[in-house]
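In: Kindly return the folded structure for what I paste below:
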Amino acid sequence: MRIALIAHDKKKDDIIDFVRRYEDVFTQHELFATGTTGRLISEIVGLKVHRFLSGPLGGDQQIGSKIAEGNMDLVIFLRDPLTAQPHEPDVTALLRLCDVHCIPVATNLGSAEVMIKALRNRE
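Out: The predicted structure follows:
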């Protein structure tokens, strides 16, 4: 599966901990991420990640284009609902593309856990 990993700044530690906790699952899949998130996952966890631009610089839109082309299977986007994001229209567009193309998207740790546990059970 092709999995996109995105996290707002205040959620970077959460996504690193999450990927580390489920490293056995993530190593079985092709990973994509926005810039800083991908760099942190590569450096800290040691997984191979295809990196796009950072979210505010167009990384969300690059992942959205992969979704529109049928080249993404699942999105984990840990959003910070308590901080205004200057690129919120890009975030909304990405979530819309997930809905239009029936791509499962997790926007918090609870939904991400359910998705990754389902992947683990499927394997």
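In: Please enumerate residues in contact with the worst-scoring helix or strand of the chain on mean pLDDT?
Out: Scoring the helices and strands of the chain by mean pLDDT, DSSP states H and E places helix 88-100 at the bottom, with a mean of 92. Outside of helix 88-100, the residues within contact range by CB atoms under 8 Å, 6 or more residues apart in numbering are 55-56, 58, 60-61, 63-64, 67-68, 75, 77, 79, 85, 103-105, 107. (Glycine included, C-beta is placed from N, CA and C.)
In: could you pull out the strands for this protein?
Out: Under the criterion DSSP state E, the chain contains strands at 2-7, 30-33, 50-51, 74-78, 105-106.
In: CSV for those, including mean pLDDT, distance to Cys98 and mean neighbour count?
Out: Below are these laid out as CSV (pLDDT from 0 to 100; distance: least, CB to CB, whole Å; neighbours: other CB atoms under 10 Å):
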stretch, mean pLDDT, distance to Cys98, mean neighbour count
strand 2-7, 98, 9, 25
strand 30-33, 98, 14, 22
strand 50-51, 98, 18, 16
strand 74-78, 98, 6, 24
strand 105-106, 98, 4, 20
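In: mind giving me TSV with those and columns for distance to Ile15?
Out: As requested, the strands of the chain are arranged in TSV below (distance: least, CB to CB, whole Å):
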stretch	distance to Ile15
strand 2-7	4
strand 30-33	9
strand 50-51	14
strand 74-78	5
strand 105-106	11
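In: nearest to Arg39, of those?
Out: strand 50-51 (6.5 Å; CB to CB).
In: and the closest one, how far out from the chain's middle?
Out: Remark: strand 50-51 is offset 11 Å from the chain centroid, using CA atoms, centre = their mean, to the nearest Å.
In: And stretch 105-118, by the same measure?
Out: 11 Å.
In: can you pull out the helices in this structure?
Out: Secondary structure of the chain (DSSP state H): helices at 12-21, 23-26, 35-40, 59-68, 88-100, 109-122.
In: I appreciate the help and will end here.
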